[in-house]
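In: need a structure here:
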Amino acid sequence: MKKTLTSLAVASALTFGASVQAAPIFNYTQYADIDGEAGHSALVKTEDGVTVTATAFETGNEQNSYYAYLDGSSYGEPGGLGVCKTLGVVAGVADQCTPSNDDNVQFGETLRLSFENAVSINGISFLNGEHVAKFRSWTTDTNPDSYVDTQVKITVDGSTTHIVDLAAYVDFNDLGIDLSGSVFDFSVAYNYDYLAYAPANQFYISGVSVPAPAPLALLALGLMGFAAASRKKA
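Out: Model (predicted):
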């Protein structure tokens, strides 16, 4: 009986250990392709026991709510999660962004990701307003050597704020900042008036990854400890 219990404990520990290794990934590009392009007052997604809700509002005025917007692929480039102020019916399809170029995060708009429990984001994928991972834009049409970088403001739990220069990163899994909390606000940090509709003033979030829930890790450790103790008694 002791050997049986030990075997079950080890098997359970290995099963939970595998769950701990798999990081839940919220793939907004895939959601847009599968669910269809549309705006949501609250977009709720659950992956591997982790739940996150995407909402949007006017920067500095949460009472003025916007829509979290799943934007589909465009001209062969992947879509992602953005913000839309106004929804309407386009070609017979409801909940479409009007105008259509207001479907990404622009200056004055905030995209909020609220997790059910505290997490540590360990990877974020961004796309610019043209649906590609390029984060430098010309400051003028006549001077291609003069660029501005996309600056994203990330606020964690309403207190800690980071300004991230996306052009400086090749690997968005290593932003060099601590993104631990439950509520994350994303917005364009600076307004380049002369680039109102340029990629440097816009972005989408195409994916977010977080570690597996901590309780699974603790349970796995507990089961492995139980297995070790059972072996000593056997």
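In: kindly list the longest strand within the protein.
Out: Taking DSSP state E as the criterion, the chain has its longest strand at strand 109-120.
In: may I have the strands that pair with the following helix or strand past that strand, each with its orientation?
Out: Where DSSP states H and E defines the elements, the next helix or strand beyond strand 109-120 is strand 123-128. Taking DSSP bridges as the criterion, strand 123-128 forms sheet pairs with strand 202-209 (antiparallel).
In: could you export the partner strand as CSV, CA atoms only?
Out: What follows is strand 202-209, C-alpha atoms only, in CSV (Å, rounded to 0.1, in the frame of the first residue of the first chain):
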residue,chain,number,x,y,z
GLN,A,202,0.3,53.5,-32.3
PHE,A,203,0.7,50.0,-31.1
TYR,A,204,-1.2,46.7,-30.6
ILE,A,205,-0.5,43.9,-28.1
SER,A,206,-0.4,40.6,-30.0
GLY,A,207,0.5,38.4,-27.1
VAL,A,208,1.2,38.2,-23.3
SER,A,209,2.7,35.3,-21.3
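In: mean confidence score for it?
Out: On average, the pLDDT along strand 202-209 is 93.
In: circling back: buried stuff in the longest strand of the chain?
Out: For strand 109-120, burial by neighbour count (16 or more other Cβ atoms under 10 Å) applies to 109-115, 119. Heads up, the C-betas are built off the backbone N, CA and C, glycines and all.
In: any idea how far the nearest residue to residue 161 once chain neighbours are set aside is from residue 134?
Out: Nearest non-adjacent residue to residue 161, counting by Cβ to Cβ, 6 or more residues apart in numbering: residue 155, 4.8 Å away. Going from residue 155 to residue 134 by Cβ to Cβ, to the nearest Å gives 25 Å.
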